[in-house]
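K.L.:
Sharing a sequence plus its predicted fold:
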Amino acid sequence: MIDSKFIRGLSVDWSAIPEDSYLRGIPAIAGLDALAFDRNVTFLVGENATGKSTLLEAVAVAYGFNPEGGTLNFRFSTWDEPGTLGDALRLVKSYRRARTGYFFRAESFFNLASKAAEYDAERGRPSYGNVSLHEQSHGESFLSFFQTFDGPGLYLMDEPEAALSPQRQLTLLLHMARMAAGDAQFIVASHSPILLGLPDAQLLSFDGGAIHEIAWEETDSYRVTKLFLDQREGLLKKLLED
């Protein structure tokens with residue numbers, strides 16, 4: 001069977017990273033030499049500040065995406081951050097080059113939506129869903145942006161669930177599953193137990209100081225959510241008493 005992934009893995013050239021870099025203080029990143037992406041959907045999971053977004057941004061930059069998000073054609077910047085992990089990352093690519101795709105960052109989506117509107121106006125084409133992203137609700141604009149893209153491509157997403165209701169997360173999950181079955185590749189940093197439940201996805205945990213594969217039921221996103229749903233009254237009573 002032909003490997004349909006655009007990125008098969010990565011390695012880090014630590015000689016390109018200064019000795020005093022903050023990257024060496026992130027355990028999961030500092031211990032990273034090489035990593036393989038085994039499936040068409042890979043989720044990066046773990047607690048905040050464990051390095052998920054740092055690695056995802058580095059992959060995006062190394063592949064040619066704009067650091068603040070967008071398609072491979074987006075070129076804009078509101079800040080400049082030299083010496084990032086992307087400068088030292090070496091991607092193991094397949095024979096195919098992604099012609100479509102995007103790098104989604106929830107934190108910079110407003111800037112991305114503004115730039116998308118400029119591009120659409122310049123090219124005289126309709127906006128996402130025929131409505132400007134800025135004229136839609138936050139969640140609607142997120143989903144409109146995702147659903148615009150289809151077909152085989154590389155899609156990097158940082159916390160796409162940020163503005164989505166549980167129902168909209170299910171919509172996104174189904175969209176991702178359909179696209180992955182059509183040879184699209186996703187690498188996604190997420191805390192959503194709904195998205196993480198996508199069948200046959202590879203889950204890489206950044207907890208514990210080293211990146212390692214983990215089962216859905218072993219993720220904190222699943223375990224904490226299940227604990228709250230199963231034992232809400234007792235858990236809240238204990239937490240509030242403490």
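P.N.:
Received, thanks.

K.L.:
how long is stretch 32-48 end to end?
P.N.:
18 Å (C-alpha to C-alpha, to the nearest Å).

K.L.:
Skipping its backbone neighbours, what lies nearest Y63 in space?
P.N.:
Taking C-beta to C-beta, 6 or more residues apart in numbering as the measure, Y63 lies nearest to L91, with 6.3 Å between them; neighbours along the chain are not counted. Every C-beta, even on glycine, is put in place using the N, C-alpha and C of the backbone.

K.L.:
Who does the one you found form a beta bridge with?
P.N.:
Here L91 sits in beta bridges with L10, going by DSSP bridges.

K.L.:
quick one: it and S221, what's the gap?
P.N.:
Distance from L91 to S221, counting by C-beta to C-beta, to the nearest Å: 27 Å.

K.L.:
ok, now how distant is the closest residue to P199 other than its chain neighbours from T219?
P.N.:
Residue nearest to P199 in three dimensions, not counting chain neighbours: A177, with 7.2 Å by C-beta to C-beta, 6+ apart. A177 sits at a distance of 18 Å from T219 (criterion: C-beta to C-beta).

K.L.:
so after the host helix or strand of the residue nearest to P199, what's the next helix or strand?
P.N.:
Element membership of A177, judged by DSSP states H and E, is helix 166-181. Later in the chain than helix 166-181, the nearest helix or strand by DSSP H and E is strand 185-189.

K.L.:
got a list of contacts for that following strand?
P.N.:
Under the criterion C-beta atoms under 8 Å, 6 or more residues apart in numbering, residues 4-7, 37, 40-45, 52-53, 56, 59, 98, 153-160, 176, 179-180, 195 lie in contact with strand 185-189.
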